[in-house]
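> Compute the structure for the input listed below.
(chains A and B)
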Protein chains: 2
Amino acid sequence: MSVAQSNVITRHLRGQRQTRRFTDEPVPKDVITDILEVARWTGSWKNDQPWHFVVVTDAETRKALAEVGPHAAFLEGAPCVVVVVLDGENPRGEPFDEGRVSERIMLAASAHGLGAGTGWFAPGDGEAKAREILGIPEGKVVRQAIGIGRPQPGRQSSGGGRKPLDEIVSWESWSAS
Amino acid sequence: MSVAQSNVITRHLRGQRQTRRFTDEPVPKDVITDILEVARWTGSWKNDQPWHFVVVTDAETRKALAEVGPHAAFLEGAPCVVVVVLDGENPRGEPFDEGRVSERIMLAASAHGLGAGTGWFAPGDGEAKAREILGIPEGKVVRQAIGIGRPQPGRQSSGGGRKPLDEIVSWESWSAS
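Have a look, this model is predicted:
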């Protein structure tokens, strides 16, 4: 890989931010499929691929999902919602793989010039309600969905800044922080 | 973003595979720092940034980490090991954020032409042992480390294939699978 490409990629990775306000412009189906193709190739514990994705573009379903809890509310305004469903067979490992695949989905969305953000169905019975709305069988785990769409101009989250590197990195041992 | 750049990025994302066999060539410190800079900007629940990274290049420490459990064994041969330490304050959310940041670290490593793979310290008391080796305080959570280095020629994992898209995607509801 050339240095120029390497820079394009690390700049892309560094620049990823959550978007939770979108225009109404639909996400073309071939773009959704390309994003899911990136998701499909994500690595997982023992290559279990413990996930299933329910793509929701229907406005009524999005509204219903948005109403299950405060952290999901922005999904109503996301033209494309990818609900991440976990097999529920490995509670210790699946949330890690869920994070991996969700990160890839968001990175792939922004590679297409789109914004993306995670919407959580908790607290309360939000997760059970989301499962019910989508007809997902009991036993499967539904914690969050990723809203995808064209960002509203000027409404992209700044991401809130980050801790400096020397605060979060130690070399060779913890005490060398 | 241009279509050409978009393609470079989604191709990079799709092509990411685990690497667990490396040459002895050290990873330059500025490359490690660039990878950690990508990690630093990862999003997290409420922007908690619930992570700390212990970078291990010392051969004896890598050997000790490799001995704590079977899934960590390959870390001995990884010239650079990034141990991911979680705050341990949000057991439900942190593994998701751990997956996000670990995925970014692996993607950033391969943007630099390097391979990367996750090594888990469980089962048994592997996690406690890893914490002890690195002097990490009780209460912090240490589940895995990412080994990084130049892949041994011809030894990169094929990744084992993936389920087809129509098996893992439904449109609008589960029953429409």
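> show me what contacts the closest residue in space to A:F96 that isn't next to it in sequence?
Spatial nearest neighbour of A:F96, excluding adjacent residues (Cβ to Cβ, 6 or more residues apart in numbering or on different chains): B:G99 at 4.0 Å. (C-beta placed from N, C-alpha, C; glycine too.) Contact partners of B:G99, counting by Cβ atoms under 8 Å, 6 or more residues apart in numbering or on different chains, are A:95-103.
> List just the nearest of the residues you listed to A:D30.
Sorting those by how near they are to A:D30, with Cβ to Cβ, puts A:V101 at the top with 20.1 Å.
> burial count for the closest one?
Around A:V101 sit 27 other residues, with neighbours defined as other Cβ atoms under 10 Å in any protein chain shown.
> so it touches A:W51, yeah?
Yes - with contact taken as Cβ atoms under 8 Å, A:V101 and A:W51 are classed as touching, separated by 5.8 Å.
> what sits in contact with each of the two?
With Cβ under 8 Å, 6+ apart applied, the overlap between the contact sets of A:V101 and A:W51 consists of A:39, A:44, A:84.
> Confirm that the first one sits in a helix.
So that's A:A39. Yes - assessed by DSSP: H, G, I helix; E, B strand; the rest coil, A:A39 belongs to a helix.
> Need the pLDDT of it.
Per-residue confidence at A:A39 stands at 98 (pLDDT).
> do the same with the last one
Each residue has a pLDDT score; the one for A:V84 is 98.
> On the three-state scheme, it is what?
For A:V84, the secondary structure call by three-state DSSP comes out as strand.
> Surely it touches A:A145?
Yes - judged on Cβ under 8 Å, A:V84 makes contact with A:A145 at a distance of 6.6 Å.
> Could I get the average pLDDT for the top strand by length along chain A?
In chain A, assigned by DSSP state E, the strand with the most residues is strand A:141-149. Predicted confidence along strand A:141-149 averages 98 (mean pLDDT).
> any idea how far it is from the chain center?
With Cα atoms, centre = their mean, to the nearest Å as the basis, the distance from the averaged C-alpha position of strand A:141-149 to the chain average is 6 Å.
> where's the residue of chain A found nearest chain B, which helix or strand?
Minimum separation of chain A from chain B (Cβ to the nearest Cβ) falls at A:G99, amounting to 2.4 Å. The secondary structure element spanning A:G99 is helix A:94-111 (assigned by DSSP states H and E).
> residues of stretch A:167-177 that come out buried?
Judged by neighbour count (16 or more other Cβ atoms under 10 Å in any protein chain shown), stretch A:167-177 contains these buried residues: A:168-170, A:173-174.
> same deal with stretch A:79-91?
Neighbour-count burial for stretch A:79-91, with 16+ other Cβ under 10 Å as criterion, is recorded at A:79-86, A:90.
> Tell me how far that stretch lies from the chain's centre.
Centroid separation between stretch A:79-91 and its chain, computed with Cα atoms, centre = their mean, is 10 Å.
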